[in-house]
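Visitor: Any chance you can model this:
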Amino acid sequence: MENLKELANLLFPNIDKTPDFYEELYPQRNLKEGARVTRLAPSPTGFLHFGNLFTGMVAYKTAKATDGIFYVRVEDTDQKRKIEGAVEVMLEGLSAYGVTPDEGVMVNGTQQGSYGPYVQSERKEIYQTYAKYLVEQGLAYPCFCSAEELEEIRNSQENEDIKGYYGKYAKCRDLTFEQIKKNIDAGKTWTLRLKSPGDITKKCYFDDMIRGKIEMPENVIDVVLLKTDGIPTYHFAHAIDDHLMRTTHVTRGDEWIASVPLHLQLFRCLGFKAVKYAHVAPIMKEDNGGKRKLSKRKDPEAAVTYYKQQGFPAESVNEYMMTIMNSNFEDWRRMNKDADINAFPFNLKKMSVSGALFDMVKLTDVSKNVISTMPAEKVFELSYEWAKEFDEKLAALYEQDKAYATAVLNIDRGGKKPRKDISKWSDIPEYLSYMYDETYTENYELTGNATPKLAIEVLELYKNVFDTEDDKDTWFGRIKDICEPVGCTPNVKEFKQNPDMFKGHVGDVSTIIRVALTGRTNTPDLYFITKLLGRERAYERMNKALAFYKEEK
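Guide: Coordinates of the predicted model:
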């Protein structure tokens, strides 16, 4: 068609800018060599999947590892699926795990940065400028086919290897200017299609940052670029946005691999340098001996809100994500136990091609490690914030005496081998229940050599000699001192050598006291528990235990 410029003006009479205007408006970023510009481009659909967080973290880490830029662009061209407030909810969810943008759409709904607007519905004129340019180049044309005609084409392609609007099926591809003008004058609606320069016999080659070299057939489909309302499709909009926002690396789910030939073709047709793609495999889960994708329908852990509700600290989730994100992270962590996670040299090429396997047991173990290294003040602060939202009873216990709660959480914390009883904040009510009368449950079941008869003898003596003001050595000395009078030995080794000579050893005596005070045979340091319970409460609990054992006897 000779009069392409006239056609472009007919289709886009109100567009008076050229691509050069936007190239100048959005110049190359002034970043150091090798710095990567990545983005997260959520749709406002309302659900933050663990996979979204994972992919967003990949994009964030990719930028941060190179002193680059990470931005958020909202892709809301599909207005039918839009849910009000969904973007804010998603960004708040991401922000809780440290995925915060340098620019773009921010958590509070504002936009920051020099490459906006960062909401696609606000960029209509930009897309139409490039659409007009493609028409002028003979690389796009209006299509007047009705839904019925398109359905007819689909039905006629049942036995074709390639299905879509192309070649002989592209009815509007070769319309003359006069035919197009006549249709427009008649008020017919149109979509704008790419006049694909693809060759059915040729291949498209690209180097995926995670998967390596990939070979696929070239795109030959004349895809829709603009819908009848002038709003672009995802394919067209993302190519323009990624170019003008000077994106260098796009991390996205591997379901988009099939679209790469089209996307690279669009970059070429628009005269852009193509971005580099990194296609992230889906998060998998073991199921009945096989593997399947983590499902928001079947798996509660698919929703990012699940981790907050359960009380997994953000640090734990991030630490776990990094173990499944980069194969060398755990080795690095062993060598750098106290290092900030952000110091880890994240690398796209260390990601799994087949998909990371989600493992709740592993997350729980990782979280135990993370929480065990936190100071008590931080454990209190984070668990208190969680409790205010999800466990009013725990919050109320904390509020009785915050210093006491912190001291309880501090037992066995800070040493070389801290205990790992807490994997998430929802574990805490059970963990410290015996430290509060409101939640303490009496249980006098004994283990080892401890018997009700021995328990009576031990408690009768100990309740009258223990002192919560003792230092630790003196406290333990008192327990040792009552061993011989009750027929036990203060030396565990001696008991093992001559078990028939004794009723038990100092460990059995300690167990009796522990059970009397806490209702458990396994707790953190009994000395600090006793000290925090205080003389009056400890004495009362021992008397109750005594009464129980005497009745049992």
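Visitor: how about the strands in the stretch 1-150 of the chain?
Guide: Taking DSSP state E, counting those that start in this stretch as the test, the strands found in the stretch 1-150 of the chain are 37-40, 69-72, 103-105, 111-112, 140-143.
Visitor: So for Glu494, which of these sits nearest?
Guide: Of all those, it is strand 69-72 that lies closest to Glu494, at 63.8 Å by Cβ to Cβ. Any C-beta I mention is one placed from the backbone N, CA and C, and that applies to glycine too.
Visitor: Can you pull out the low-pLDDT segments for the stretch 401-550 of the chain?
Guide: Of all residues in the stretch 401-550 of the chain, none has pLDDT under 70.
Visitor: Please tabulate the strands of the stretch 1-150 of the chain in TSV and include mean pLDDT as additional columns.
Guide: Formatted as TSV, those follow (pLDDT from 0 to 100):
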stretch	mean pLDDT
strand 37-40	97
strand 69-72	97
strand 103-105	96
strand 111-112	96
strand 140-143	98
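Visitor: export these to TSV and tack on distance to Leu7?
Guide: Shown next, in TSV, are the strands of the stretch 1-150 of the chain (distance: least, Cβ to Cβ, whole Å):
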stretch	distance to Leu7
strand 37-40	34
strand 69-72	35
strand 103-105	35
strand 111-112	35
strand 140-143	8
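Visitor: Among those strands, which comes closest to Glu319?
Guide: The closest of the strands of the stretch 1-150 of the chain to Glu319 is strand 69-72. By Cβ to Cβ, the value is 19.8 Å.
Visitor: Quick check: which of the strands of the stretch 1-150 of the chain is nearest to Trp475?
Guide: Minimum separation from Trp475 across the strands of the stretch 1-150 of the chain (Cβ to Cβ) falls at strand 69-72, 53.8 Å.
Visitor: outside of the closest one, which residues touch it?
Guide: Residues from elsewhere that reach strand 69-72 (Cβ atoms under 8 Å, 6 or more residues apart in numbering): 29, 31, 35, 37-42, 59-60, 62-64, 91, 99, 101-106, 113, 115, 118, 245.
Visitor: ok now the helix or strand where Leu454 lies, how far from the chain's centre?
Guide: Assessed by DSSP states H and E, Leu454 sits inside helix 452-462. Computed by Cα atoms, centre = their mean, to the nearest Å, the separation of helix 452-462 from the middle of its chain amounts to 52 Å.
Visitor: other SSEs contacting that helix?
Guide: helix 506-518, helix 535-552 (3 or more Cβ pairs under 8 Å, 6 or more residues apart in numbering; DSSP states H and E).
Visitor: deepest of the ones you listed, which one?
Guide: Compared across those, helix 506-518 shows the largest average neighbour count, a mean of 23 (mean count of other Cβ atoms under 10 Å).
Visitor: to the chain's geometric centre, what's the distance from the next helix or strand after it?
Guide: Using DSSP H and E, the helix or strand that follows helix 506-518 in sequence is helix 526-533. Here the centre of helix 526-533 is set off from its chain's centre by 39 Å, with Cα atoms, centre = their mean.
Visitor: and helix 526-533 with helix 506-518, angle?
Guide: Here the directions of helix 526-533 and helix 506-518 differ by 20 degrees (axes from the mean of the first three to the mean of the last three Cα atoms, to 10 degrees).
Visitor: in terms of contact, does Val107 touch Ser95 like I think?
Guide: Yes: counting by Cβ atoms under 8 Å, Val107 touches Ser95, with 5.2 Å between them.
Visitor: From what I see, Leu264 and Cys204 are in contact.
Guide: Yes: using Cβ under 8 Å, Leu264 is in contact with Cys204, at 6.2 Å.
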